[in-house]
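Asks: Pasting the sequence and the predicted coordinates here, then a few questions.
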Amino acid sequence: MFVFGHLGITLGLFTLLEQKLPALKGRIDYAAILIGSLLPDLIDKPIGRVIFSGTIDNGRIFAHTLLFFFLLCGAAFYLWKSKKDARLLSLSAASFCHLVEDKMWESPATLFWPLLGWKFPSSPGLYDGILGYFRSVFMYAYTPAMDYAFISEIIGILILVFLGIRYLRQNDLFYLLSEGLKP
């Protein structure tokens, strides 16, 4: 899955949860949700695909494991109990959504690392450093095997557009925008 899929689907899920579960109203930190929805990739892509591209060559390593998620949850619960700060809870929940959206159960050696061994599976592909990553996304990414990623990306973009329009309407920003465009 790509950036907009992670952002839109995760943000849409937590927006829906907040609407359906009144106990969550006003308790979800959406900045933490946005960061958490991308956190595993923000950590692992630079490490596995750029820094260690010659050895690990995998963009799903440490932050795509349940160990990372449990460490994040432990820190979140500690912060919540000691300081009543729930931001890290939002971040860790969104980070877990990232693992589900990436279908990490299909890579048990990574998901359950280090229980199934200390080595991460190599995933060589079209990536050759950071420029190769972006080149592969734009030039070689669409194949029938990538339908899941592209459909998720379209759904994520649609959710972001819908939530953006809803936000503008709720805050009367459409009126302000239209007034600003008049000569």
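Replies: Thanks, I have the structure now.
Asks: buried ones in the longest helix anywhere in the chain?
Replies: The single longest helix within the chain, with elements called by DSSP state H, is helix 147-170. Buried residues in helix 147-170, defined by neighbour count with 16 or more other Cβ atoms under 10 Å: 149, 152-153, 155-157, 159-160. From N, CA and C alone the C-beta is placed, and that goes for glycine too.
Asks: Packing partners of it?
Replies: Contacts defined by 3 or more Cβ pairs under 8 Å, 6 or more residues apart in numbering; DSSP states H and E place helix 147-170 against helix 3-20, helix 173-181.
Asks: which of those helices is buried the deepest?
Replies: When the helices and strands packed on helix 147-170 are scored by mean count of other Cβ atoms under 10 Å, the highest mean neighbour count falls to helix 3-20 (a mean of 18).
Asks: Identify the residues contacting that one?
Replies: By Cβ atoms under 8 Å, 6 or more residues apart in numbering, the residues outside helix 3-20 that reach it are 24-25, 27-28, 30, 33-34, 36-38, 41, 90, 93-94, 97-98, 101, 149, 152-153, 155-160, 162-163.
Asks: run the last query once more with 7 Å
Replies: 24-25, 28, 30, 33-34, 37-38, 94, 97-98, 101, 149, 152-153, 155-157, 159-160, 163 (Cβ atoms under 7 Å, 6 or more residues apart in numbering).
Asks: Which helix or strand in this protein has the lowest average pLDDT?
Replies: None of the helices or strands of the chain scores lower by mean pLDDT, DSSP states H and E than helix 129-135, at a mean of 56.
Asks: circling back to that earlier point, closest to Leu79 out of the helices and strands packed on helix 147-170?
Replies: Closest approach to Leu79 among the helices and strands packed on helix 147-170 (Cβ to Cβ): helix 3-20, 18.7 Å.
Asks: Show me what the helix or strand that comes right after the closest one packs onto, helices and strands only.
Replies: Sequence order places helix 30-44 as the next helix or strand after helix 3-20, per DSSP states H and E. The helices and strands touching helix 30-44, judged by 3 or more Cβ pairs under 7 Å, 6 or more residues apart in numbering; DSSP states H and E, are helix 3-20, helix 87-101.
Asks: What sits closest to the most centrally placed residue in the chain if chain neighbours are left out?
Replies: By Cα atoms, centre = their mean, the chain has its centre lying nearest to Ser37, at 2.6 Å. Nearest non-adjacent residue to Ser37, counting by Cβ to Cβ, 6 or more residues apart in numbering: Thr10, 3.7 Å away.
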